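Peer 1: quick one: sequence and predicted model below, then my questions.
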Protein chains: 2
Amino acid sequence: MKIESKPTTGIIPCPVILLSVEGSPQPNIITLSWVANVCSDPPSVAVGIRSQRHSHALVKEAGNFVLNVPSSEHLEAAKTCGTKSGRDIDKFAECGFHAVASSRISSPMIAECPINLECEVREIVSPGVHDLFIAEVVAFHMDEDVTENGQFDPQKMQAFTYLPLSGQYWSLGKRM
Amino acid sequence: MKIESKPTTGIIPCPVILLSVEGSPQPNIITLSWVANVCSDPPSVAVGIRSQRHSHALVKEAGNFVLNVPSSEHLEAAKTCGTKSGRDIDKFAECGFHAVASSRISSPMIAECPINLECEVREIVSPGVHDLFIAEVVAFHMDEDVTENGQFDPQKMQAFTYLPLSGQYWSLGKRM
């Protein structure tokens, strides 16, 4: 028995990504779930950011950003970076994160996140209250300790996911 | 210690979505992970589809599609719909799925998937070998048996996720 309700953004499960972007006096971080890999060649991502958010202006200004994939130990930081504004606080300091220089772009990476994608904005489209930044991945980094023989090993990283339909964060279980 | 490697689509974890679209002589299904909620108002999604895929032409022709969220019992169907072509087989028949009429669009829903988003294409952008279809969610359906008091209850749905960096499907674990 299917129940029809108000149209909503019901795709689950969603990634939880910490976007870092250069700024003045300090770089900023915003937590996002409206984000996806969207193209293999060139490797590209799409990122939805509400136009009123501080990071929206910073990304437009910089033309680049880093998508940092956190592990479960960063859950509280993800909540902080998703609810507080970089206009009011230094989120790197607040979360105990360290900014490290990227190799190809001006925005810094978050050292503590095990996976980092350096991205350059290629196009911006405006489906509604969120703008959609379409960006090319120009550099990719992984912590050695989430790899096995040079390949990503999910067993070594406590990845987690967000379910917008229930507003819950869930850990991953096991390989199917 | 961070290791830099070739730029890649490294966002994890990713949703696993079965996109259904009208077609002749029968509707088709394609499994996608290059998909996200991207805007809250109007509720919108973005879907990356490689231009050579059969469903790419069908979505362009129909101007609409349904995003069906499968549960773990549909893992084999997801693999089938991601690797075989609707040019060669009837994927609804192959997977034992039933097409049911949508309420607002011409493409049918997959009855067996617990969550269904009816979507109308609003814009197509071309970051590379995948085109990105940006679409508005115009109707939303959930199976009653994944709800509790009318709200989505993740405990009642065995959702799963895809990790492109390792090519693995993982179940969800527990609420954090």
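Peer 2: Yep, it's here.
Peer 1: mind listing what's buried in stretch A:49-66?
Peer 2: A:49-50, A:53-59, A:62-66 (16 or more other Cβ atoms under 10 Å in any protein chain shown). (C-beta placed from N, C-alpha, C; glycine too.)
Peer 1: swap in stretch A:5-23?
Peer 2: For stretch A:5-23, by 16+ other Cβ under 10 Å, it's A:7, A:9-23.
Peer 1: same check, this time on stretch A:86-100
Peer 2: A:86, A:91, A:92, A:95, A:97, A:99, A:100.
Peer 1: of those, closest to chain B?
Peer 2: Checking the buried residues of stretch A:86-100 against chain B with Cβ to the nearest Cβ, the nearest one is residue A:100 at 8.0 Å.
Peer 1: ok, how many other residues are close to the residue nearest to that closest one when sequence neighbours are not counted?
Peer 2: Nearest non-adjacent residue to residue A:100, counting by Cβ to Cβ, 6 or more residues apart in numbering or on different chains: residue A:111, 4.7 Å away. Using other Cβ atoms under 10 Å in any protein chain shown, the number of residues around residue A:111 comes to 14.
Peer 1: quick one: residue A:111 from residue A:18, how far?
Peer 2: 12 Å (Cβ to Cβ, to the nearest Å).
Peer 1: could you do residue A:116 as well?
Peer 2: Remark: distance between residue A:116 and residue A:18 (Cβ to Cβ) = 10 Å.
Peer 1: mind listing the shared neighbours of the two?
Peer 2: Common contact partners of residue A:116 and residue A:18 (Cβ atoms under 8 Å, 6 or more residues apart in numbering or on different chains): A:67, A:68, A:69, A:110.
Peer 1: report pLDDT for residue A:155.
Peer 2: Residue A:155 carries a pLDDT value of 92.
Peer 1: quick check on it: phi, psi?
Peer 2: Torsion angles at residue A:155 (phi, psi; degrees, to the nearest 10) stand at phi -60, psi -20.
Peer 1: ditto for residue A:83
Peer 2: Dihedral angles (degrees, to the nearest 10) for residue A:83: phi -120, psi -30.
Peer 1: which pLDDT value goes with it?
Peer 2: Model confidence at residue A:83, given as pLDDT, is 90.
Peer 1: would you map the helices across chain A?
Peer 2: All helices of chain A, identified by DSSP state H, fall at A:54-62, A:75-83, A:91-95.
Peer 1: what does the shortest one contact?
Peer 2: Just to be clear, that refers to helix A:91-95. Contacts of helix A:91-95 (Cβ under 8 Å, 6+ apart): A:26-29, A:74, A:77, A:80-81, A:84, A:97-99, A:110.
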